[in-house]
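A.B. asks: What follows is a predicted structure for the sequence shown.
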Amino acid sequence: MQLLQHLNNRQPKVGRWVFFSVFFLAWLITGFWERVFMQKLESIYKFVFASLGVSNNMLDGARVGGITTGSSGLVVMSYGLLYSLLSLFVIHFYFFRRATTKIAIGLYCGITVLFLLFKISGVILNLEPLHLVSFRIKAIILSPMPIILLIPALYLVSNSHKVAVTK
């Protein structure tokens, strides 16, 4: 805790970039070894369910567009939460502004709500196209694309007042 206070109080730029580097590296590793992380999460859930005496039916692979995915919804949602949190930490420590972080959180929450709406609608209405759309939205959330798009976009938004003043 003292190291954290030292990095934030005495040398805020150094601390900020140290945390950014750590979260960026964790984000890259998590994305690169996605399958390994999902397998570990699945084994953890199986152990927990076995310890509690609960059925492992929730860990069966889901069917999307005629394709059986290797991981259950619970495992994918857990991994998605981890990956999204790491992405938000990367964005937060890159900009180090609350307003920018709030915008990024709002965008991630909006995309997640959209995913859930399509997923639930597909289940209720039993429509395969809605399942496919939710699958594609989930693929966007679990890809580096939001970071690749959000960092330049948020940078432009945060510096738009500087451009307006200099003109």
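C.D. replies: Everything's here; your move. Quick caveat: nothing in here was measured; it's all calculated off a predicted structure.

A.B. asks: give me the low-pLDDT residue ranges for the chain?
C.D. replies: Within the chain, the segments meeting pLDDT under 70 span 1-12, 56-71, 160-167.

A.B. asks: For this structure, just list every one of the helices.
C.D. replies: 2-9, 12-32, 34-52, 73-95, 98-125, 128-141, 145-158, 160-166 (DSSP state H).

A.B. asks: any idea which of these is most buried?
C.D. replies: By mean neighbour count, with neighbours taken as mean count of other C-beta atoms under 10 Å, helix 73-95 ranks first of those at a mean of 19. C-beta here means a position set from N, CA and C on the backbone, and glycine is covered the same way.

A.B. asks: With only the CA atoms kept, save it in CSV.
C.D. replies: Taking C-alpha atoms only, helix 73-95 is exported to CSV below (Å, rounded to 0.1, in the frame of the first residue of the first chain):
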residue,chain,number,x,y,z
GLY,A,73,-22.1,-19.4,-21.0
LEU,A,74,-21.0,-19.1,-17.3
VAL,A,75,-17.3,-19.6,-18.3
VAL,A,76,-17.6,-17.2,-21.2
MET,A,77,-19.3,-14.6,-19.1
SER,A,78,-16.7,-14.9,-16.4
TYR,A,79,-13.9,-14.6,-18.9
GLY,A,80,-15.7,-11.7,-20.6
LEU,A,81,-16.0,-9.9,-17.3
LEU,A,82,-12.2,-10.4,-16.6
TYR,A,83,-11.2,-9.2,-20.1
SER,A,84,-13.6,-6.2,-20.0
LEU,A,85,-12.3,-5.1,-16.6
LEU,A,86,-8.7,-5.4,-17.8
SER,A,87,-9.7,-3.3,-20.9
LEU,A,88,-11.2,-0.7,-18.7
PHE,A,89,-8.1,-0.6,-16.5
VAL,A,90,-6.0,-0.1,-19.6
ILE,A,91,-8.2,2.8,-20.7
HIS,A,92,-8.3,4.3,-17.2
PHE,A,93,-4.5,4.3,-16.7
TYR,A,94,-3.8,5.5,-20.3
PHE,A,95,-5.9,8.6,-19.9
